[in-house]
Structure formats: C-alpha cells, structure tokens
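# dropping a prediction and its sequence here:
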Amino acid sequence: MLYLKHGGHVMDDAAKDAESVARKGDVFLAARALPKDEADKLRQMETPFDYLLPKLKADPASRLPGDPKAVVEALNKLGTAMVDNDPPAQADPKVEVNSTIPAVYTYWGQFLDHDLTANTDRDSATSDITKPDLVPVPPDDVTASLKNLRRPTLDLDSVYGDGPAILDQDSKDAGFYVGARFRIGRNADNPSEPPIQGIKIPPENDLDRDLPRIGPLLDAGVITEDVLPPALRDDPNKRTRAFIGDLRNDENLIVAQLHLAFLRFHNAVVDRIEANPRDFGLWPGKGRRFQAAVFQCARDVVRHVYQRITVQDYLRTVTFGGVVDKVLAAGPTYYRPLRGHELFMPLEYSVAAFRFGHTMVRGAYDHNRNFGRPAPGQAQPPLIPFAPFDLLFLFTGNGFLRDPNDPTKSIRNPFGGTPTLPFNWIIEWDRLTDKGDPDETHFARRIDTRLAPPLTTQGMVNEGTGGDIQDDAGKALRTLLRHLARRNLLRGYLLSIPTGQAVAAEMGVAPLSEEELRRGNTPEVDAALEEGGFLRHTPLWYYVLKEAEVRADGNALGELGSRIVCETVIGLLKHDRNSYLNGRSWWWTPADAVRLPNGDPIVTIRDFLRFAGVMA
C-alpha cells in the first residue's frame, strides 16, 4: 500500500489490455506486473469481501430492479442532483448545512476506512463502473473475484506496515522507522526564495509536523532507492510522496495531519515505555531485542487506544443513540465470521453505509490562523479567510492543480514549490475537535443527501490523475472518479448491494416512507427517484443518508445506518482475539497504560491529539 493512492486502481490480471497499462500513473496489476515476491505478498494480504446479510445475498428481489441501462441513467441523474449548487469556495456558513459533529470526525472515519478496506474501487470485469453496458455482477461472482487489500481488523496496518528492521532485517517498510520510533518529516521553513507567507503555528519551534517524504530521506542517505517498491521507484514525482504505510492517507491535508498524529502518538508511547519499562511489563535493557520489545509493546498500546476511541468516541458521536451500547452488550447479531473463523469486510458497509462520511465534507475549513480565522490578538491578517477543499488536496505529496487549459485534467504542483509541507499549513486541531465550539463552521456538514460542490469533477483534483487516464480516451473514467455521488451509486448497483428497504426489513428497522424519501428534496432529486423507481427500491447508500437526514436531523446516522456500521466495527473487534474488547484481563488492557499529564485516560480524539503533542 506504499504506492496505492486514493482513486488509484488495481487492475485484474485478466483485464483487457492489462499489460499495456501496467504501472502507468496510479494503475498497477494485481499480480502479474509485479515482481514475484511482491505478487506473492499481495496475494497473501488479500482478505475477503462478503455480504453482511446472507439471505439478501441469495435473493434477487432484494436488489434494484429494472432494465440496467435505465437504472444506470437514473443513478447518474440522482448522483448529479445530490451535489449542492453553492459556490465551491464557500465555507458553508449557513446553519442548515452544519451538523453538531466536529469536523475531525469526518477524517477519523476516512482514516478508519483506509485501515480496514482497500480495493472496492477496482477496474476489472467485476467492478468496472465505466462500462457503457454496466450490468450488476452476481453476488457469488463479486465475493469470488473482489478481494480486500487490508486486514479487516483495527490493527493499524495502514500505519505500521511490515514493522521496523529491528523485527525483520528484510522488511521493505523499515525506512519508516528509527529503531522503535517512526520517522517524522520536518516542515519547510522560510527559504530565501520564494519566502513562505504567514505566521508559525504554536508551538512555533515545533516544525516536526509533516509526514516523512522520500526526497529528503534519499538526500540524507536515510533510505536508498532499493527500499522503495518498484512502482514508486519509477514514479517521476516520488520525491514529495509520503513514505508511509498507506499513501491514501496523504490524499488531503487533514487526513495527512491525522496520520502524522498517529506517528507522533506512537513515538510518545515509546518515550513512556523507555522511561518506565516496568510499568509496561518489560525489563529495562538495551540493544535490538529490547528495542523490538519496546516497539511491539508500543504498537499494542496504540492499537488498543485507537480501537477504544473509535468505539467510545467516534461511533458514539456519529451513530444513533443507544446502538453502540446494544451491540456492545448483546454482541453483533448479524456480523459473523466466515467458515474457519475468517474475518471479512461486509459490502453493505464498505460500499454503502460507511460512505456516509462523504456528505460530511465541507467546501472549506477554518484550517489555521493563516488559512482561516485569525487567532485572538493576531496582528497579521490571515492569507485567506478559509482553506478551500482543493487547496487541502494540493498541499499533499499527491497534490494536483486543475490544468488551466482543461479543467477536467490536472497538473502536479505539490506544496507550492517546497519539498515538504510549508510551516504555514500545519493544522490547528482545536478548531476541528471541540463539541462545545460556538463557531458553527468548525463542524462537519450534516449527514444527508447533499454533498459539497468539491466532491465533483471540478473539486476532486487528486482523483484520476494516472497517466493512462489523462488522455482523451480516459476522460469518462476521470470525470466519474471525481464525482463521488455518481461513483458510489454505480458501485453499489454493480456489486449487487441490496436496497435500503430490503436491509431494513431484514434487520427489523422501520422502513422510510415515501413521504420521508421525498422530504426536503429538490425537483431534480425527486425526478431521479421517480425515474429509477427508487422510492420503492432505494439504493442503500442513498437510503442511509436520507434516513440520517429525516430521522436524526443529519446529526448522526439513523438506526439502520448505525446498525450496519456498529455491527461491522464492533463485530470485527469482538471476533479479533487481540482487540481491546478481548484484552488481557477484565480490568486492564494496553490502552490503560498511557494517560494524559493530569492522569486522565485517553478516551477521546481530543485526548489522542493532545498526547501526540499536536494540539495544546
């Protein structure tokens, strides 16, 4: 996952013309185009996708009916109509679009998704959504052909990769580490030409707030070319690429800064362990063996803290009241491992329900005192009043700008000319994490059926940037990749995801009425719902969003969406013997081993960011 970007695609070996597009841009083959050792490794890391509800998987009546051509046309119209018409640069100041969920939860959800799943967006006979004759794939074929490139456990493999060289001298991910610690990137300071505008973010002397990047690591002799995966080794833009366990976490600046927080949190835990190893069940020592033990202990602590926060803070914040407690108390009703106790990712979750976070994305953010509101007493005015979403895409190692000669194409321009993230773009997390914040622009958009304008062709500039789809022949794919609503709806249809009504009936949740499905819609949305017959058979992703909109006022998922999400996340933890829910004893888990300076346990996202040293 060192080289798979968000919007990048994994092609099936048997796909037409697969060899001719291997390693072009963001496309690589699932096995054949890779060296044998990497192909074997890729196959070994594949895990299953399957359906959460086996009865519906076997029932054709549970899926969208009708002529595929007509259904696809209606889905495209519905997706297009779901995008707000507000100018993309707006900061969404209107009260009615803002939820009570701080904006950080949008990106904790994205980080969680990257930790659990990869490869639902895949160009193959199974799931090529750009085909002109798109027809749903039979569910058995979906589960046989579509594989997950992540382990379905909350184990932070997106952060830790293969682990450091102190565990395995042959680890190709060892360049992430210095002993038991992660490498941290240093922010670009004021070079003589051109100068970086703006003021430094407190604490001003802490400029170790960027992801480690390949260019500086190569220049310092810290890593060599042979450490890089072949696809990344040949990338002409590799120098600004983040050297992390999942390149998708450098897709936009907020999730990139969150990934950085995980690196710093781990390092802070290592500091605690080395200072008092006996508190963590270790004997003081030196050398590689001791460092390996420190790393493994720190990884256990970080994993458990992450899992506990995800359940006790993230899920409780974004889901309907009481659902988390019901699933924790009684255990998951619907999530069951496959034969042989093999864990899997439910498609109803990964292709539909958990994509609710797309509607929470804002058109712009109060990112920091340079690109947002001034800090109290700040003499120098901000450079711009809000950070538009396209700038948050630009200031990453994957950053692209729209081509002025063709707005459907992109040109590369990471960091505005500096090798690492400039100091003026360091995030101020206190602006995105406080549930009691009086500033409504610090909150996510409501969970509803309206998406911010940047989540379309004109805004998602880092999607579809591979060389093989930058030509005219790739224009349809590029346009579709950059329109999240259309992409989500077509993906769900192609992969035979059951309708919202079918899932509600199976899970015993009161279905949405036709009046609820129509409530608050624009004429364009209503017309698309009518045309596709979606008032009686509603795509699950849209249904989950509408349920949140009309039954939870957009401030949480509704009961059905909450049930799917909680059944999946808590189900995975319940069936993972190493999770915090199955800790070493009933009274202590590794998550209890670290605390804030005042002695408080780390139980919220704000606690996590404070311990990591990235928020005051």
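Cool, the structure landed.
# for Asp189, see how far away Glu204 is.
Counting by Cβ to Cβ, to the nearest Å, the gap from Glu204 to Asp189 is 11 Å. Every C-beta, even on glycine, is put in place using the N, C-alpha and C of the backbone.
# where in the stretch 51-200 of the chain is pLDDT low?
Low-confidence segments of the stretch 51-200 of the chain, defined by pLDDT under 70: 86-96, 119-127, 169-174, 192-193.
# tell me where it has strands.
In the stretch 51-200 of the chain, the strands defined using DSSP state E, counting those that start in this stretch lie at 98-102, 122-123, 147-148, 177-178, 181-182.
# tabulate these (TSV), appending distance to Gly287 and mean neighbour count.
Shown next, in TSV, are those (distance: least, Cβ to Cβ, whole Å; neighbours: other Cβ atoms under 10 Å):
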stretch	distance to Gly287	mean neighbour count
strand 98-102	44	20
strand 122-123	44	22
strand 147-148	38	20
strand 177-178	15	18
strand 181-182	16	22
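# out of these, flag the one nearest Val569.
When the strands of the stretch 51-200 of the chain are compared by Cβ to Cβ, strand 147-148 sits nearest Val569, at 15.1 Å.
# picking up where we left off before, distance to Pro376 for the strands of the stretch 51-200 of the chain - can I get that in a markdown table?
Shown next, in a markdown table, are those (distance: least, Cβ to Cβ, whole Å):
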| stretch | distance to Pro376 |
| --- | --- |
| strand 98-102 | 20 |
| strand 122-123 | 49 |
| strand 147-148 | 47 |
| strand 177-178 | 38 |
| strand 181-182 | 33 |
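# mind checking those strands for the one nearest to Ser579?
Within the strands of the stretch 51-200 of the chain, the stretch nearest Ser579 is strand 147-148; the backing value is 18.0 Å (Cβ to Cβ).
# what packs against the closest one?
Other helices and strands packing on strand 147-148, by 3 or more Cβ pairs under 8 Å, 6 or more residues apart in numbering; DSSP states H and E, are strand 47-50.
# middle-most residue in this structure, spatially?
Of all residues in the chain, the one closest to the mean position by Cα atoms, centre = their mean is Gln110, 2.5 Å from it.
# picking up where we left off before, who's more crowded, Glu204 and Asp189?
Using other Cβ atoms under 10 Å as the criterion, Glu204 and Asp189 rank with Asp189 on top: 12 against 9.
# who's in contact with Asn98?
Asn98 makes contacts with Asp92, Glu440, Thr441, Phe443, Ala444, Arg445, Arg446, as judged by Cβ atoms under 8 Å, 6 or more residues apart in numbering.
# so how do I select the buried members of those residues in ChimeraX?
In ChimeraX, this line selects whichever of these come out buried by 16 or more other Cβ atoms under 10 Å:
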select :92,441,443,444,445,446
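# just the ones of the contacts of Asn98 in helices?
Judged by DSSP state H, helices contain none of the contacts of Asn98.
# and the two most separated of the contacts of Asn98?
Spatially, the most separated pair among the contacts of Asn98 is Thr441 and Arg446, at 13.4 Å (Cβ to Cβ).
# stretch 290-306: how far from the chain's middle?
Centroid separation between stretch 290-306 and its chain, computed with Cα atoms, centre = their mean, to the nearest Å, is 23 Å.
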